[in-house]
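Participant: mind folding the following:
(2 chains)
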Amino acid sequence: MTELLIFTNSADGTSDILVDLFKKRNLPLFRWNIDLWQHYEILMSERDTLISDPLGRSISISNPNLFLLWRKPFVEQMNFDHSSLGNDDEDMARIQIAKWMQSIVALMNTENRIRLIEPYADQRLPKLFQLQVAVEYFLVPKSLFSLQAGATSFGPSMITKPLGNPSIGKESIFYTRLVNGLDLYRPYPWFVQEALVGGVDITCVFINGKSHFFKCDYLRDKKSIDWRVEINTEQQSKWHPISSKDCKDWGRRVKAYMLRLGLHYGRLDFIHFEDKLFFLECNTNGQFGWLDSADNMTLHNEFADAVIDSGTSTNLFFKM
Amino acid sequence: MLTPSQLSTKPNVIPLIAPDYDFNDQKRWDGTMMAGSYTGSSIQTFDSNGQPCDSQGDNND
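Facilitator: Next up, the predicted model:
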């Protein structure tokens, strides 16, 4: 009987919803939350791996009917409350768990038992690489990664954003910012991009061949270019599903691009500017929960269907 | 001259008391997800400190 293992964290709302949806589908599920790692037991020998939770529920990785869904098991979230460990020992524990997860991924991947979300896909498909592939499918704003350059072909006004995790220290976020390129500290590895000020944020949730487009009410202007700065404020802009006549063509392009990247899932970000769609990036494990309808959970249901579909095996070793 | 840390800001945080994780149901939130009046369309995930994950949650690992 098919069984599902989710590697996630206990604050992940999408995992909560998936637990309900799989329960309705009578699919047994074991949720391993990395932040609560101290509450579980892991027994991994040279022959098998057993994971059990505090209630005695357990799974064996060698079960050929067990499939893995990778859903944001960030090692940074490992909780060390009530432990007397120092920072160095905590860091080592994070490395140990990261390598253990990597081993589980390797094991299950050899038998095509990882579904929908490809673990570590951002390492195979980093943002600069994504852009170079995207020019074959979409319009892409001019961009430059450089150490010394003060001037670019798109003028001094530009946006800059991080290529990876946007966290700066423990409390701050490096959001996308509109800057004058001449004001940036050099030499430094900056990524800058043409500023399409006034465009509209579009995001696409791509699940197993199907695209869902949404647009944001946020007004991108010279004061602020990143809609996320409004999160948890009263004036936070709303997102709306869109189904314009253009979506059919956009969806076709997205599907071709995702096929090229070898991905079954992604949340792709675009800017709609002067009636044209510009590709920004593909979040290979991007969140989509806040976009879904609370009434019928269309996206979550489609996501759950895709996890069950054997056609979404990620098959890591045969990718470009 | 600007550096990334000078360009960074603290995200807005909603004070939130997270319910305990329920190992029996394998869920933290009961029923409808925490939405709150300030979230976008319907659902938004938070970490255990009440900080929205959208600011850093699109990473793969």
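Participant: gap between A:Ser103 and chain B?
Facilitator: Distance from A:Ser103 to chain B, counting by CB to the nearest CB, to the nearest Å: 14 Å. No exception for glycine: its C-beta is placed from N, CA and C like everyone else's.
Participant: just confirm that residue is within a helix.
Facilitator: Yes: inclusion of A:Ser103 in a helix is indicated when DSSP: H, G, I helix; E, B strand; the rest coil is applied.
Participant: what sits against the closest residue in space to it that isn't next to it in sequence?
Facilitator: Excluding the flanking residues, the one nearest A:Ser103 by CB to CB, 6 or more residues apart in numbering or on different chains is A:Met44, at 7.4 Å. By CB atoms under 8 Å, 6 or more residues apart in numbering or on different chains, the contact set of A:Met44 is A:Leu50, A:Trp100, A:Ser103.
Participant: what does A:Asp20 give?
Facilitator: When contacts are counted by CB under 8 Å, 6+ apart, A:Asp20 touches B:Lys27.
Participant: which residue is most remote from the mean position of chain A?
Facilitator: No residue in chain A sits farther from the centre than A:Ser84, which is 33.1 Å out by CA atoms, centre = their mean.
Participant: that one sits in which helix or strand?
Facilitator: For A:Ser84, there is no helix or strand it lies in under DSSP states H and E.
Participant: before we move on, what about the one 4 residues further on?
Facilitator: Secondary structure assignment for A:Asp88, by DSSP H and E: helix A:87-109.
Participant: next SSE downstream of that helix?
Facilitator: Using DSSP H and E, the helix or strand that follows helix A:87-109 in sequence is helix A:121-124.
Participant: does chain B sit close to the helix or strand just after that following helix?
Facilitator: Beyond helix A:121-124 on the C-terminal side, the first helix or strand identified by DSSP H and E is helix A:127-134. No: Helix A:127-134 does not reach chain B (CB under 8 Å from any CB of the partner chain); its nearest approach is 11.0 Å.
Participant: in helix A:127-134, what's buried?
Facilitator: A:Lys127, A:Gln130, A:Leu131, A:Val133, A:Ala134 (16 or more other CB atoms under 10 Å in any protein chain shown).
Participant: got the domain ranges for chain A?
Facilitator: A:3-114, A:122-140+A:198-318, A:143-194 (automatic domain parsing).
Participant: just to be sure, A:Leu21 is in a helix?
Facilitator: Yes: counting by three-state DSSP, A:Leu21 is part of a helix.
Participant: quick one: it and A:Asn301 touch, right?
Facilitator: Yes: using CB atoms under 8 Å, A:Leu21 makes contact with A:Asn301 at a distance of 6.3 Å.
Participant: work out the gap between stretch A:60-79 and the centre of the chain.
Facilitator: Between the centre of stretch A:60-79 and the centre of its chain there are 16 Å (CA atoms, centre = their mean, to the nearest Å).
Participant: quick check: nearest residue in space to A:Val254, chain neighbours excluded?
Facilitator: Computed as CB to CB, 6+ apart, the closest residue to A:Val254 that is not its neighbour in sequence is A:Ser211, at 4.8 Å.
Participant: by contact count, what packs against the helix or strand where the one you found lies?
Facilitator: In the assignment (DSSP H and E), A:Ser211 maps to strand A:210-216. Packed against strand A:210-216 by the contact rule (3 or more CB pairs under 8 Å, 6 or more residues apart in numbering or on different chains; DSSP states H and E) you find strand A:200-207, strand A:239-242, helix A:246-261, helix A:298-308.
Participant: what about 10 Å?
Facilitator: Contact partners of strand A:210-216 among helices and strands, from 3 or more CB pairs under 10 Å, 6 or more residues apart in numbering or on different chains; DSSP states H and E: strand A:200-207, strand A:239-242, helix A:246-261, strand A:265-273, helix A:298-308.
Participant: distance check, A:Phe303 against chain B.
Facilitator: Plainly put, A:Phe303 is 13 Å away from chain B if you go by CB to the nearest CB.
Participant: hmm, that residue is touching A:Leu116, no?
Facilitator: Yes: using CB atoms under 10 Å, A:Phe303 is in contact with A:Leu116, at 7.3 Å.
Participant: so what sits against both of these two?
Facilitator: Counting by CB atoms under 10 Å, 6 or more residues apart in numbering or on different chains, the common neighbours of A:Phe303 and A:Leu116 are A:Leu69, A:Arg71, A:Ile207, A:Asn208, A:Tyr265.
Participant: and the first one, how far is that from B:Trp29?
Facilitator: Counting by CB to CB, to the nearest Å, the separation of A:Leu69 from B:Trp29 is 18 Å.
Participant: now do the last one
Facilitator: Between A:Tyr265 and B:Trp29 the distance, using CB to CB, works out to 23 Å.
Participant: which of these two has more neighbours?
Facilitator: A:Tyr265 (25 against 22; other CB atoms under 10 Å in any protein chain shown).
Participant: residues in contact with the more buried one?
Facilitator: A:115-118, A:121, A:205-208, A:258, A:282-286, A:288, A:303, A:306-307, A:312, A:314.
Participant: OK, contacts around the residue lying closest to it once chain neighbours are set aside?
Facilitator: Using CB to CB, 6+ apart and skipping residues adjacent in sequence, the residue nearest A:Tyr265 is A:Leu116, 5.1 Å away. By CB under 10 Å, 6+ apart, the contact set of A:Leu116 is A:67-71, A:207-208, A:263-265, A:303-309, A:311-314.
Participant: just the buried residues out of those residues, in PyMOL syntax.
Facilitator: Of the contacts of A:Leu116, the buried ones can be selected in PyMOL as follows, counting by 16+ other CB under 10 Å:
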select buried, chain A and resi 67+68+69+70+71+207+208+263+264+265+303+304+305+306+307+312+313+314
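Participant: perfect, that will be all.
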